[in-house]
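Q: this one's structure only:
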Ligand SMILES: Cc1ncc(C[n+]2csc(CCOP(=O)(O)OP(=O)(O)O)c2C)c(N)n1
Ligand SMILES: CC(=O)[C@@H](O)[C@H](O)COP(=O)(O)O
Ligand SMILES: [Mg+2]
C-alpha cells in the first residue's frame, strides 16, 4: 500500500540515502527535511500503527545526531527503540515506512537484520546506557576512534538499570554521549523525583545550572537545549563530542510535536496508535480495569501498582476512583514487585499490573521478595501470549513457564470476560501470590461450561472419550471449535478449561484417566509451560495417557498479526483439530 503523501520527486527525504547525505544540506534544506519527515510520519503511522508521538518528538534531534556522529562507525543506541523511525528514515529506509510493523516489513524497533546502523532490538526500556558502557569498554580495549551515543528518554531514566549504568559510566573517562530526550513524559507525566528534578532543570537557564544530579555523579552536563532546533542540538553534540568524557546533553522535546492531535492528546500524546481499521470493541484491559475498580470499592486494603503504564494496563479507572491507592513507580518493574511485597507485609492487598513481557524484568523479585514470603500479591499480566506487531521483545510468551517455577504461585488464565471477573475476585482473595494473564485486544465472547469437575470447567464433551483437550485461557474458543468439527468425524473430544492453570488441578488428572489421549494447548512457550506441567502431573499419577503439548517454540517470534502468528504455529481451531487427528493416527 502506498501512503497518502505522495513520494514526490521533490521530497527532501528522497535525497537522503544515508546519513552522509545530511552533511551537505543547508539550514533551509534541513528545515524542509524535518517537515517532510513529519508529513510522512503523520501520513503513515496512523495507518500502520506504531509510536507516532515519540517519533514526532525526535525529528530534529535525530537529524542533528546523524550530522555530528558517523553511524555506524560511531555507535548509536536508542533506549526502548520505539522512537527510531526517524533514524530508519535517515539510514535509507524511508521508502519502506509504509510496511512498518507488518509481517516481513520494517520492524517498529531497531533491527540488526535491516541495517548496520541498528544495534539494540530489545524494546524493554532503560537498557541503552548499559549497552553504551559495554560498547565504550569494547572500543577502548579494541582500539578507539569511535564515539558511543545513547539516546535515552526521561521515562527510561526512571528505570533502575539506567542508574546502575550511570554509576559505572560516571566512574570512567570514556567519551560516552548521553542524549537525554526529555519530553517530560513516559506515557503520562514522568513519575517520581527524577521526573520532578528534570522538570526543574527544563525551566532553568543553562548559565544558572551549576550542578545537578548528573554533575553530582561526575558526568559533564550540557543543556538544556531546544531539541527541535537542529543547529542548537548540533552545537551541543559537537561540544559534547569534544569533552572526551561521559557527558549528558539535555534536549527538551515535545512528544507529538508538529501534529496538533498528538500534541493535544491528554492521555499520552499518541504514544502508540493502533493500526487503521482495528476497531476498538471491549478489550480485556478495560474488563479488568472496570472490575478491579469494583473490587477496590469493596476492599479498602486493595492497592495497585503500575510501571509507568496507568492507562495501558487499565488501572486509570481505579486511580480516578481511588487516587491514593494507585502507585505509578516509573519504568521500574523490579521496584513495583518488591514495593508490593512491602505493602503486603504491611497488611495491604497489592495488585501489580504489567505487560507480560515486562514481568521478565522482575523474576527475582517475584521469586524471592514475593513468593519466598508467601505474600498475597496479585500479578495481572496483560498482553500475555503472542502480542503481534511489537515483535519479539514484546510477545508475552514466557510468563507461564517462568511462573511455573515459582513455589506457591497460582496462575489463572481466563477464557473470557466472565471468567476474568471471577478469577480476579478469587485472585485478590487468595492467601498467597497469584497471577492472572490475558492477551492483547478485544475480549473473547463468553464460552459457557457444560459442567464442572472440581475447579475445572468442561466446555464440550461427547459420548466418546477419545481425547481430553486442555485449553489454556483465550484459546478455549478455538478448542471448542476444533472439538465441534471433530464430532462430525466421529472423534470424541472433551474440552476442559482449568481456569487456574498452575499448579495443575488434580481434577485435570482425574479427567485424563477417563480418556485415551490428552492434548494441551497454550498461547505460550511449550518448554516448561502448562502442557508440560500437565504431562508431568499425569505421569506422576502413574497414568499411561499420552499427552501432546501444543504451544509456541522456544524462539524469538517476529512481528506480525497475532492471529497469523498463532495460525502459523497451529494454535487456531484448524491447527488444534489437525493435532488431535495426528495424535489419534
Ligand atoms: C521495562 C519496560 N517497561 C515498560 C515499557 C513500556 N514503555 C514503552 S515506551 C514507555 C515510555 C518511555 O518514556 P521515555 O523513555 O520518556 O520515551 P518517550 O516515549 O517519551 O520518547 C514505556 C513505559 C517498556 N518498553 N519497557
Ligand atoms: C514501546 C512499548 O513498550 C509500548 O509503547 C508498547 O509498544 C505498547 O504496546 P501496546 O500498543 O500493546 O499497548
Ligand atoms: Mg519521555
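A: Good, I have the coordinates. What you see is a predicted model; the values in this text were computed from it and never measured. Ligands and ions are numbered 1, 2, ... in the order given.
Q: Can you name the residues that contact the residue most central in space within the chain?
A: By C-alpha atoms, centre = their mean, the mean C-alpha position of the chain lies nearest to residue 394, the distance being 4.4 Å. Shown in contact with residue 394 (C-beta atoms under 8 Å, 6 or more residues apart in numbering): 123, 355, 357, 383, 387. Backbone N, C-alpha and C define where each C-beta goes, glycine included.
Q: Likewise for residue 424?
A: Here residue 424 is in contact with 288, 291-292, 295, 378, 380, 436 (C-beta under 8 Å, 6+ apart).
Q: Out of those residues, list just those in strands.
A: Per DSSP state E, strands hold the following members of the contacts of residue 424: 378, 380, 436.
Q: now, among those residues, which is nearest to ligand 2?
A: Nearest to ligand 2 out of the ones in strands among the contacts of residue 424 is residue 380 (C-beta to the nearest ligand atom; 14.4 Å).
Q: ok, how many other residues are close to the residue of the stretch 101-250 of the chain found nearest ligand 2?
A: When scored by C-beta to the nearest ligand atom, the stretch 101-250 of the chain has residue 123 as its residue closest to ligand 2, at 5.1 Å. Counted with other C-beta atoms under 10 Å, the neighbours of residue 123 add up to 22.
Q: What of residue 574?
A: Using other C-beta under 10 Å as the criterion, the residues surrounding residue 574 number 13.
Q: Please enumerate the helices of the stretch 51-200 of the chain.
A: 52-56, 59-68, 85-88, 128-141, 160-169, 192-202 (DSSP state H, counting those that start in this stretch).
Q: okay if I get these as TSV plus mean pLDDT?
A: Shown next, in TSV, are the helices of the stretch 51-200 of the chain (pLDDT from 0 to 100):
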stretch	mean pLDDT
helix 52-56	98
helix 59-68	98
helix 85-88	98
helix 128-141	97
helix 160-169	98
helix 192-202	97
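Q: Ok, which of these comes nearest residue 232?
A: helix 59-68 (8.3 Å; C-beta to C-beta).
Q: Surely residue 393 touches residue 357?
A: Yes - Residue 393 is in contact with residue 357 according to C-beta atoms under 8 Å; the separation is 6.6 Å.
Q: Touching both of these two, which residues are there?
A: residue 124.
Q: Surely residue 16 and residue 88 touch.
A: No - Residue 16 lies out of contact with residue 88 (C-beta under 8 Å); the separation is 11.4 Å.
Q: anything in contact with each of those two?
A: Looking at what touches both residue 16 and residue 88 (by C-beta under 8 Å, 6+ apart), the common residues are residue 94.
Q: tell me the secondary structure for the closest residue to ligand 3 within the stretch 401-550 of the chain?
A: Of all residues in the stretch 401-550 of the chain, residue 440 sits closest to ligand 3, at 22.7 Å by C-beta to the ion. What DSSP: H, G, I helix; E, B strand; the rest coil gives for residue 440 is coil.
Q: Report how many residues lie close to it.
A: Residue 440: 22 neighbours (other C-beta under 10 Å).
Q: got the contact list for it?
A: 284, 382-383, 387-388, 562.
Q: at 7 Å what do you get?
A: Contacts of residue 440 were listed using C-beta atoms under 7 Å, 6 or more residues apart in numbering, and they are 383, 387-388, 562.
Q: From the rest of the structure, what touches the helix or strand containing residue 511?
A: Here residue 511, judged by DSSP states H and E, is contained in helix 506-512. Here helix 506-512 makes contact (C-beta under 7 Å, 6+ apart) with 453-456, 468, 470, 494, 496, 498, 518, 534, 537-538, 541, 543, 545.
Q: That one: which residues count as buried?
A: Neighbour counts over helix 506-512 (16 or more other C-beta atoms under 10 Å) mark 507-509, 511-512 as buried.
Q: Tell me if I'm right that the residue of the stretch 101-250 of the chain closest to ligand 2 and residue 107 touch.
A: No - using C-beta atoms under 7 Å, residue 123 is not in contact with residue 107, being 9.5 Å away.
Q: neighbours around residue 558, how many?
A: There are 15 residues near residue 558, going by other C-beta under 10 Å.
Q: That one: what secondary structure?
A: Assignment for residue 558 (three-state DSSP): coil.
Q: pLDDT value on residue 349, please?
A: pLDDT, residue 349: 98.
Q: Let me fix that, I meant to ask about residue 545.
A: Value for residue 545, per-residue pLDDT: 96.
Q: Distance check, the residue nearest to residue 347 when sequence neighbours are not counted against residue 408.
A: Of all residues not flanking residue 347 in the chain, residue 301 sits nearest, at 6.7 Å (C-beta to C-beta, 6 or more residues apart in numbering). According to C-beta to C-beta, to the nearest Å, residue 301 and residue 408 sit 20 Å apart.
Q: One more: residue 386?
A: Applying C-beta to C-beta to residue 386 and residue 408 gives a distance of 28 Å.
Q: Residue numbers of the chain in contact with ligand 3?
A: Residues of the chain found near ligand 3 (C-beta under 5 Å from the ion) are 153-155, 183, 185.
Q: Name the nearest of these relative to residue 329.
A: Using C-beta to C-beta, the residues of the chain next to ligand 3 come closest to residue 329 at residue 155, 12.0 Å.
Q: before we move on, back to that, so which of the helices of the stretch 51-200 of the chain comes closest to ligand 1?
A: With C-beta to the nearest ligand atom as the yardstick, what comes closest out of the helices of the stretch 51-200 of the chain is helix 52-56 (3.9 Å).
Q: quick revisit: Throw the contacts of residue 424 into CSV and include neighbour count and pLDDT, thanks.
A: Putting those into CSV (neighbours: other C-beta atoms under 10 Å; pLDDT from 0 to 100) gives the following:
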residue, neighbour count, pLDDT
288, 26, 98
291, 19, 98
292, 26, 98
295, 18, 98
378, 27, 99
380, 28, 99
436, 27, 98
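Q: how about the helices in the stretch 451-585 of the chain?
A: So, for the stretch 451-585 of the chain - with DSSP H, counting those that start in this stretch - the helices run 476-487, 506-512, 530-540, 562-568, 573-584.
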